[in-house]
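Enquirer: Coordinates for the following, if possible.
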Amino acid sequence: MKALIFAAGLGTRLRPLTDHKPKALVSVGGQPMLQRVIIRLKEAGFDDITVNVHHFGQQIIDFLHANDNFGVRIHISDERDELLDTGGGILKARPFLDGNEPFLVHNADILSDIDLAALYRHHVEGDAQATLLVSRRQTSRYLLLDETYRLCGWTNKNTGEVRPAGFIPDASYQEYAFGGIHIISPSLFRYMEEGQWSGKFSIIPFYLSICQKAKIQGYPLSGFQWFDIGKPETLAEAEKWFEDLK
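Expert: Have a look, this model is predicted:
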């Protein structure tokens with residue numbers, strides 16, 4: 001099974017830890033966060049992994065080589081010339097991800113204990129173009145799902161912004177926060193071609209632009225551990241969680 005790990009971020013929220021190293025190599029619980037994500041993916045059955053790089057990208061390449069790629073096949077999607085954001089990063093990595101099977105996308109700074117294999121199976125069984133991990137976590141930006149958990153829109157509670165254009169949310173839609181992990185079927189790439197999506201772009205606006213014609217579904221979970229360790233306070237929370245597990 002294939003997966004893509006986003007490891008190209010600048011890590012500005014973690015400075016000064018990222019002044020001389022990439023965010024993906026910042027340690028959490030005694031291991032670089034990238035290593036933790038790779039091992040989790042490997043344990044779930046993902047054996048063909050693409051890692052995108054930008055900020056101190058050579059350090060990531062050297063780290064992977066020094067650890068024999070942790071026993072899985074690893075490709076490097078090189079964004080050192082230009083950081084392409086999440087949507088552009090997926091499109092850049094298309095040569096490694098295209099084919100007949102879905103692939104998982106996982107932010108390097110997201111740690112969780114969810115069953116990744118179950119998420120993958122849910123996507124396959126749901127016959128969707130994309131399946132997004134979502135939860136009831138409090139945030140300012142929410143994905144709006146209908147009663148079948150299909151993505152219909154998005155809202156920013158702070159600004160009142162709503163997407164896609166013309167979408168009118170009401171009380172029937174459920175508000176969920178995106179968890180930084182999703183499964184994509186390669187058939188989704190054709191929508192990028194139709195919409196002339198290229199260069200640097202975020203994946204969520206892309207999903208919202210096609211959600212009325214493509215099946216983009218949420219995968220709601222509760223009762224699991226989830227950390228966005230791209231921030232000092234949540235990195236500290238994750239450190240404590242790992243310490244408590246000992």
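Enquirer: Let's see the helix or strand harbouring Glu193 as CSV, backbone CA atoms only.
Expert: Glu193 is part of helix 189-194 when elements are defined by DSSP states H and E. What follows is helix 189-194, C-alpha atoms only, in CSV (Å, rounded to 0.1, in the frame of the first residue of the first chain):
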residue,chain,number,x,y,z
PHE,A,189,-6.1,13.5,-10.3
ARG,A,190,-8.4,14.0,-13.3
TYR,A,191,-10.3,16.7,-11.4
MET,A,192,-7.0,18.6,-11.0
GLU,A,193,-6.5,18.4,-14.7
GLU,A,194,-10.0,19.6,-15.5
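Enquirer: Longest strand in the chain, please.
Expert: The longest strand of the chain (DSSP state E) is strand 174-184.
Enquirer: Test my guess that Asn52 contacts Gly9.
Expert: No: in this structure, Asn52 is not within contact of Gly9 by CB atoms under 8 Å, at 9.4 Å. In this view, the C-beta of every residue, glycine as well, is placed from N, C-alpha and C.
Enquirer: These two - which one has more neighbours?
Expert: Applying other CB atoms under 10 Å to Asn52 and Gly9 shows that Asn52 carries more neighbours, namely 29 against 23.
Enquirer: so after the helix or strand encompassing the more buried one, what's the next helix or strand?
Expert: Assessed by DSSP H and E, Asn52 sits inside strand 48-53. On the C-terminal side of strand 48-53, the closest following helix or strand by DSSP H and E is helix 57-66.
Enquirer: So which bits of the least confident helix or strand in the chain by mean pLDDT are buried?
Expert: Within the chain, no helix or strand scores below helix 232-245, which has a mean of 78 by mean pLDDT, DSSP states H and E. Residues of helix 232-245 classed as buried by neighbour count (16 or more other CB atoms under 10 Å): Thr234, Leu235, Ala238, Glu239.
Enquirer: who touches the helix or strand harbouring Leu104?
Expert: Using DSSP H and E, Leu104 sits within strand 103-107. Here strand 103-107 makes contact (CB atoms under 8 Å, 6 or more residues apart in numbering) with 1-6, 37, 41, 46, 86, 90, 97, 116, 119-120, 180-184, 186, 203, 228, 230.
Enquirer: Ok, stretch 11-22 next?
Expert: Defining contact as CB under 8 Å, 6+ apart, one finds that stretch 11-22 is touched by 7, 9-10, 23, 26, 53, 55-57, 59-60, 109, 230-232, 235.
Enquirer: so where's this protein uncertain?
Expert: Within the chain, the ranges that satisfy pLDDT under 70 run 244-246.
Enquirer: ok, now with 90
Expert: Applying pLDDT under 90 to the chain flags residues 9-20, 26-30, 111-113, 126-127, 136-139, 157-158, 160, 164-171, 194-196, 221-246.
Enquirer: coming back round to it: run me through the strand neighbours of the longest strand of the chain, direction for each.
Expert: Strands that pair with strand 174-184, judged by DSSP bridges, come out as strand 103-107 (antiparallel), strand 130-135 (antiparallel), strand 141-145 (antiparallel).
Enquirer: any chance of those in TSV, with mean neighbour count and distance to Asn158 too?
Expert: Compiled in TSV, the strands paired with strand 174-184 are given as follows (neighbours: other CB atoms under 10 Å; distance: least, CB to CB, whole Å):
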stretch	mean neighbour count	distance to Asn158
strand 103-107	24	22
strand 130-135	25	19
strand 141-145	21	8
